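Student: Whatever this is, show me its structure:
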Amino acid sequence: MAGRAKDLIAADVQKLITLLSGFSEKEDPENFELCEKFAYSNLLHHRYLSVDSHAVRRSVFGMVTKFMIHGHLEASRRLDCLLNKYMNCTVFKDKEVQWAVLFLLVKLADNPTSHISDEKFSAPKVEETEDASKPFDWTTYSHLCDYLKEGNEEFNTNFCSSDSEDWEDVSDDEKSPKPEDSVEGVSEDPEVPKVPAVEEKKDTERQQLIEELGRQVNAEEWISNNVQAPWWRTKQLAEKVESVFPSANLAKTWDKCCDESTSTISEYKVVREILWMLQAPTTTTLFQEVNGQFSIQSNITIPSLTKDSMACYLNPLCEYFNMLYQLQKFQKEIYPLDRQNSGELNQMLPPYTFECYTSAIIEFLRELQELACCIEKKVKAQEDIYTLYSLNLELAPKLSQLRAVYSVHVTATNGWKTAENWLSSARLLSVLYSEALSCMECDTPCILLRVFLKSFGPYVDMIDVWLTEGRLDDYRNEFIITRRNETDNENWGSNFVMRDYVTELNSTGIRALPLLQVISDRVLHAGRSMQLLQQLDRLDDMRSQHSNHGRMYAEFLEALEKEIAQMVNKSTTTDMEIVAVTEDLEFQGTNLMSNPFISEVSNQLENLKDNYMMQAFKDHLSFKAQPNKRDIENLSSIGEVFRKLGTYSTCGLIPIKPVMERIISQLIDAKHAAACFLAKTIFLQEFNLSTHLALLRAIYLMEAGDIMHRFCIFLFKDAEHSVFWSNSYTMTAELEECINLRYPDHSSKFSVVVREDAKLNGTPSVMDEINIKYTVEWPLTVILSPTNMEYYNAVFQFLLKVKWALWALEALRFSDLTTVKNNTSTTEDAGLRCRARCLQLLRFWLLHSVGSVHTYLMGQVLHSLGLELERDLAAATDLDTLLQAHNRYVALVHTHCLQPKSSDVIKTAILQMVQLSLELRDLWCLGVDVVSDAKLIGMTEMYIKCHCFLGSVLQTAVESNRLTHLNGLSMALNTSLPKIESFALQF
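Tutor: Reported below is the predicted structural model:
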């Protein structure tokens with residue numbers, strides 16, 4: 001059965017596949033076969049469930065509603081009628097087929113609301129008949145009238161066309177229905193009186209006509225009062241002036257003399273043109289723009305001025321139009337309207353600092369525009385005479401501020417497109433800050449201060465997030481601190497670095513922002529602590545202590561406002577005293593002020609508007625300018641912070657710089673305090689930093705002499721009786737056994753590393769082949785950095801050399817010399833006794849000098865610096881302080897133990913004494929009968945030279961205040977200088 005059905009539809013299926021997909025059995029057999037299998041599967045094996053009539057009904061009637069919502073009323077009505085007609089159709093005997101066909105039509109519909117047109121459903125046009133004068137009988141086609149009105153709302157209006165006047169001439173007979181228009185069955189009795197409704201309708205229409213005419217008159221009057229006539233479209237402007245004064249028509253008179261033709265406009269229009277230009281600079285009838293520069297149009301003036309005079313008067317204003325144009329152009333560069341469409345989001349975006357700066361500039365320009373609007377309202381009212389001169393007087397203060405702001409803008413944004421974002425932001429903030437503090441004009445410092453505070457907002461927000469959330473959100477690469485791409489846990493302090501913005505700004509002649517220099521160290525230290533807490537996953541403990549996340553900038557402004565308010569309130573009394581003194585001087589010094597020189601000096605100082613200069617001369621001269629008591633009293637009642645800061649210029653001299661630096665430092669310290677305390681607690685309590693440092697001092701610096709003595713003897717014997725060092729495993733086992741006596745829990749952290757194939761030559765330099773490695777986990781490696789461990793090993797090797805010499809000298813016994821002498825001869829030999837005494841004397845000298853060095857190292861240096869380290873650790877407030885305390889301790893130990901290159905001379909002399917001590921031990925062991933007098937005298941002379949040289953160098957270093965810590969060692973060596981004469985007496 002299925003096979004016959006497949007044969008019947010095979011040809012049609014193939015045609016359907018080719019029509020819909022374009023695949024052919026010959027050209028693309030693989031895809032054609034896939035489509036064929038899919039088609040047969042659906043046609044032969046699909047169950048063909050019945051169509052859901054309710055779903056179809058909701059879809060089609062929803063389409064009716066959708067047409068109505070989209071404003072296609074006629075289409076909605078037509079579709080509703082057709083659907084009802086289709087539902088009631090008797091053609092379909094099977095309702096399932098009826099709903100299936102409708103379902104198919106719904107599925108075939110493709111966005112019907114976008115393809116519908118109301119013109120398809122508009123009423124048919126009535127063709128004009130040849131007899132156009134014959135009236136159309138609407139009553140006959142009343143059904144057509146109703147059809148045309150379907151779907152249209154009825155509007156009640158009093159509008160009456162201008163043809164209403166003709167209706168009054170129409171007679172009553174013409175308005176009455178004609179016999180052929182009457183309804184059948186109604187008699188036409190001439191004696192029946194006419195209906196009076198026609199006369200009432202005529203009166204109503206007349207009244208409506210009168211009201212409409214009144215409204216038209218009022219509309220014309222409103223238009224003449226509120227709509228500006230397009231006078232600027234006239235090619236040749238000529239302003240008529242009705243005046244008897246010749247100067248009122250000076251332009252016309254000048255044109256006659258020069259045989260020229262100049263357009264003239266009224267001064268009222270010029271004033272309004274200037275006010276419009278202050279809001280949106282563009283090319284107008286009066287001004288023209290060429291390459292971003294505005295100038296006055298040629299051959300145009302006011303009737304009372306020549307065109308050259310007009311140009312000279314208005315050209316200074318063009319400079320301000322240029323400034324406005326450039327500021328608005330900069331605004332469009334920062335906030336381009338087509339940024340998303342142009343794909344600029346993938347390019348380098350401007351810094352957030354520049355966006356906030358632009359926002360502040362927009363606010364300043366809005367104030368200028370509001371001022372221009374207020375002036376324009378007064379000009380339009382024409383209640384008083386308003387001239388170009390009065391306009392300049394009223395705009396002068398604001399234009400002066402515009403010039404100052406634009407001058408700062410040019411310097412602050414120079415080259416911002418090509419420079420790095422961080423350098424552009426630092427330059428912007430530095431210039432704004434410097435100009436806000438150094439500008440001496442009336443209100444300009446307040447404006448610049450407001451612009452700076454708004455521009456500084458992104459920096460404060462980044463600091464706030466960094467000190468609260470532990471991440472540096474510098475999405476546009478504008479902050480002065482950056483994070484390295486590769487995080488190094490070992491060199492923790494180098495993960496965040498300061499950009500070299502100070503050098504870059506100094507190279508351009510701009511002084512770097514002092515406020516950034518004040519907070520940079522604090523922010524860097526705080527950021528490092530937050531990074532550590534983030535890596536330790538302890539930020540949750542921090543967040544629980546910060547409930548004011550994101551409020552740092554607001555707190556900064558509020559604190560700044562409060563500080564200034566307090567300073568102003570404190571200075572109010574002083575200002576009032578200055579006023580009283582000034583009044584007293586004016587009263588008592590009338591004769592003095594009558595002096596022209598004194599008066600001229602006072603006027604010059606007032607014109608300078610230098611508050612610092614006036615403050616200096618306040619006791620000697622009287623000034624007209626007095627503090628604005630009203631502003632001072634109302635300062636505390638102003639709600640907005642910038643309005644309060646706006647009274648800065650009227651409140652005398654306020655040290656805004658230290659106030660801002662102190663406030664921002666306090667906020668950063670407050671944010672940092674919790675992180676510092678938490679980081680310090682983690683290191684000292686959870687990771688036992690104090691225990692680790694004490695263990696390092698005990699082993700590397702040999703403060704635990706009882707446990708290190710055994711290990712040192714093992715090394716010394718190995719160095720004396722072997723050709724090569726023992727392997728690292730043997731030394732590590734020996735060291736762990738020694739450490740187990742006191743620190744059993746930490747012995748496994750130490751290991752001894754010996755350079756392979758290191759030969760023992762009997763010199764102190766063999767100790768340089770030994771290094772002790774201390775293994776700790778992160779984050780203790782932040783404190784115990786590789787550099788610090790190198791310093792520890794260098795000091796350890798130097799101490800081994802000194803202890804080796806001291807151990808060798810202390811191991812010598814007088815009995816050894818006696819035994820040798822008794823074995824060599826049965827009789828006493830005077831020469832042998834002299835050599836023995838010389839060896840003993842040399843041993844005493846070396847014991848004293850090497851012992852003095854050992855006492856200096858182990859007592860004065862290591863012990864005293866260890867106590868100082870403990871005090872610093874107890875007083876530390878944060879992780880940075882802990883790190884600095886340990887680094888300082890290690891550096892001092894390294895320096896005091898003579899390891900820097902600057903101390904190589906002293907270190908070499910000491911090592912020479914160590915070498916002499918080892919040689920003396922060898923001679924002592926050989927015996928006095930083997931030692932030659934020349935060898936003994938040479939060693940003695942070498943020691944005396946080393947001792948004297950070392951004492952001289954130490955004394956010079958101490959007296960020059962270069963190495964004052966060596967004072968004790970210098971005194972010990974210089975008070976016991978050996979002499980060759982005392983040695984010669986032994987022979």
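
Student: and the spatially closest residue to Ser748 that is not a sequence neighbour, what element?
Tutor: In this structure, Ser748 finds its nearest non-sequential neighbour in Glu736, 6.8 Å apart by C-beta to C-beta, 6 or more residues apart in numbering. C-beta: built from backbone N, CA, C; applies to glycine. Assessed by DSSP states H and E, Glu736 sits inside helix 728-739.

Student: Averaged pLDDT, that helix. What do you get?
Tutor: The pLDDT scores in helix 728-739 average 85.

Student: Give me the buried stretch members for that helix, please.
Tutor: Neighbour-count burial for helix 728-739 flags 728, 731-732, 734-736, 738-739 (criterion: 16 or more other C-beta atoms under 10 Å).

Student: ok, now stretch 354-369?
Tutor: Quick answer for stretch 354-369 (16+ other C-beta under 10 Å): 354-361, 364-365, 368.

Student: Kindly format the C-alpha coordinates of stretch 70-89 as PDB.
Tutor: Provided in PDB are the C-alpha atoms of stretch 70-89 (Å, rounded to 0.1, in the frame of the first residue of the first chain):
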ATOM      1  CA  HIS A  70      -1.200  49.700  14.400                       C
ATOM      2  CA  GLY A  71      -3.800  52.200  13.100                       C
ATOM      3  CA  HIS A  72      -5.000  50.100  10.100                       C
ATOM      4  CA  LEU A  73      -8.700  50.500  11.100                       C
ATOM      5  CA  GLU A  74     -10.100  49.700   7.700                       C
ATOM      6  CA  ALA A  75      -7.900  46.600   7.300                       C
ATOM      7  CA  SER A  76      -8.900  45.400  10.700                       C
ATOM      8  CA  ARG A  77     -12.600  45.800   9.900                       C
ATOM      9  CA  ARG A  78     -12.300  44.100   6.500                       C
ATOM     10  CA  LEU A  79     -10.400  41.200   8.000                       C
ATOM     11  CA  ASP A  80     -13.000  40.800  10.800                       C
ATOM     12  CA  CYS A  81     -15.800  40.800   8.200                       C
ATOM     13  CA  LEU A  82     -14.100  38.200   6.000                       C
ATOM     14  CA  LEU A  83     -13.300  36.000   9.000                       C
ATOM     15  CA  ASN A  84     -16.900  36.000  10.100                       C
ATOM     16  CA  LYS A  85     -18.100  35.300   6.500                       C
ATOM     17  CA  TYR A  86     -15.600  32.500   6.200                       C
ATOM     18  CA  MET A  87     -16.700  30.900   9.500                       C
ATOM     19  CA  ASN A  88     -20.300  31.000   8.400                       C
ATOM     20  CA  CYS A  89     -19.600  29.600   4.900                       C
END
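
Student: returning to what we had before: from the contact counts, what lies against the helix holding Glu736?
Tutor: helix 705-721, strand 750-754 (3 or more C-beta pairs under 8 Å, 6 or more residues apart in numbering; DSSP states H and E).

Student: Of those, give the one that comes closest to Trp99.
Tutor: Set against Trp99 and scored by C-beta to C-beta, those come closest in strand 750-754, at 88.5 Å.

Student: Starting from the closest one, tell me which strands it pairs with and how they run.
Tutor: strand 770-774 (antiparallel) (DSSP bridges).

Student: Out of the buried residues of helix 728-739, which is nearest to Phe844?
Tutor: Cys738 (31.3 Å).

Student: quick one: average pLDDT of stretch 335-349?
Tutor: 57.

Student: That stretch spans what distance, first to last residue?
Tutor: 10 Å (C-alpha to C-alpha, to the nearest Å).

Student: Could you look up the SS state of Asp110?
Tutor: coil (DSSP: H, G, I helix; E, B strand; the rest coil).

Student: Please report phi then psi for it.
Tutor: Note on Asp110: backbone dihedrals following degrees, to the nearest 10 are phi -130, psi 100.
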